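[1] Below are the sequence and a predicted model; questions follow.
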Amino acid sequence: MAEDRNSPSALEIVRTRSLASLVGQELEAMILDGRLPAGERLNEQQLALRLGVSRGPVREAVRGLERSGLVVSVRNQGSYVRSISAAEALEIYDLRAALTGFACARLAGAATPAQLRELGALVRRMEAAREADAAPAYYAANLEFHAALLTHGGGPRGLRIYEDLGNELHLFRRRALVEPENMRESNAEHAAILAAIAAGDAEAARAAGEAHIAGGKRRFQATDASGAGHPPARTPTTPQQAVRKGAKNDEEHRKPAPPEPAVPAAGAARPRRRAGRTL
């Protein structure tokens with residue numbers, strides 16, 4: 001049988017998939033640090049040129065980011081960096097609280113000395129980052145801490161669900177950890193979680209885990225929610241808006257649009273301010 005020259009070899013498939021994974025990591029970093037802002041249309045050709053790869057790995061990477069919640073695709077229109085509304089963010093906080101409390105309670109009765117040392121080292125790393133006013137370092141260690149909680153206490157499925165929820169909040173969580181006082185409060189909650197787990201007190205660990213996420217939600221509500229998770233005013237905030245603006249964006253610069261109204265907390269209006277937020 002003659003070889004189909006147009007069919008990729010097994011080696012080419014492996015190379016493409018490996019490259020797509022690397023491209024996906026780079027695109028995720030670009031989304032998280034704001035180089036690709038919320039609502040931004042992802043032009044595969046431009047991204048391929050920017051990263052020095054072909055369009056195939058970029059296309060695969062974008063699909064992966066869609067599955068993880070960072071990207072939303074609109075049929076026949078393209079893919080966009082996902083925007084998260086304040087109302088969606090609050091719902092995700094509630095789901096994360098339940099999962100975190102569950103994992104902490106399970107871990108309290110089964111934590112090994114090695115796992116406790118791992119969690120303790122992460123708490124100390126976050127404290128050092130807080131003292132150095134190094135928000136990016138704090139954020140990175142914070143992600144590791146929560147991943148460790150869910151890995152050791154939540155199991156593979158719990159971790160997967162938690163990571164999907166966390167990915168949706170990545171669009172503004174990094175920017176949230178900027179004020180030293182918020183980092184101090186957040187890490188004190190981490191220390192309380194660790195103390196309850198180390199004591200083997202499942203109920204206290206559950207309560208501490210849920211309280212930590214509730215604290216993040218409360219701090220989020222105390223700030224201007226309309227600026228968190230939403231793209232800048234010049235970008236679309238929903239797939240439908242993205243569709244309407246996509247064609248124009250290819251021909252002209254974006255024009256400013258009025259910001260969306262903030263979602264009030266517990267029915268009370270909040271002052272518009274740009275204070276830092278934490279987890």
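    Great, that's in hand.
[2] quick one: low-confidence parts of this structure?
    The model of the chain has pLDDT under 70 over residues 1-17, 168, 170-178, 223-279.
[3] Do you have the strands of it handy? List them.
    For the chain, strands defined by DSSP state E occupy the ranges 41-42, 71-74, 78-81.
[4] Return the distance of Arg157 relative to Glu179.
    Distance, Arg157 to Glu179, by CB to CB, to the nearest Å: 35 Å. From N, CA and C alone the C-beta is placed, and that goes for glycine too.
[5] Please say which of the two ends up with more neighbours.
    Remark: of Arg157 and Glu179, Glu179 carries more neighbours, 16 against 9, as counted by other CB atoms under 10 Å.
[6] any chance of the strands of the chain in TSV, with distance to Ala211 too?
    Putting the strands of the chain into TSV (distance: least, CB to CB, whole Å) gives the following:
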stretch	distance to Ala211
strand 41-42	38
strand 71-74	32
strand 78-81	32
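[7] For Gly153, give its distance to Pro180.
    With distances taken as CB to CB, Gly153 is found 29 Å from Pro180.
[8] Show me which of the two is the more surrounded one.
    More neighbours surround Gly153 than the other of Gly153 and Pro180, with 26 against 16 (other CB under 10 Å).
[9] Return the set of buried residues in stretch 124-141.
    Of the residues in stretch 124-141, those scored as buried under the neighbour-count criterion (16 or more other CB atoms under 10 Å) are 125-127, 129-130, 134-135, 137-141.
[10] quick one on the thing from earlier: so which of the strands of the chain is nearest Gly34?
    strand 78-81 (10.0 Å; CB to CB).
[11] and that closest one, which strands flank it?
    Looking at strand 78-81 with DSSP bridges, its partner strands are strand 41-42 (antiparallel), strand 71-74 (antiparallel).
[12] Glu210 is nearest to which of the strands of the chain?
    Among the strands of the chain, the nearest to Glu210 by CB to CB is strand 71-74 (29.4 Å).
[13] wait, what's in contact with Ala98?
    Taking CB atoms under 8 Å, 6 or more residues apart in numbering as the contact definition, Ala98 lies against Glu210.
[14] let me redo that: Ser21
    Neighbouring residues of Ser21 by CB under 8 Å, 6+ apart: 61, 64.
[15] What's the separation between it and Ile92?
    When CB to CB is the yardstick, Ser21 and Ile92 sit 26 Å from each other.
[16] now do Cys104
    Noted for Cys104: a distance of 18 Å to Ile92, by CB to CB.
[17] Have a look at those two and say which one is more surrounded.
    The residue with more neighbours, out of Cys104 and Ile92 and counting by other CB under 10 Å, is Cys104; that gives 28 against 20.
[18] quick one: contacts for the more buried one?
    With CB under 8 Å, 6+ apart as the criterion, the residues that contact Cys104 are 149, 153, 193, 196-197, 205-206, 208-209.
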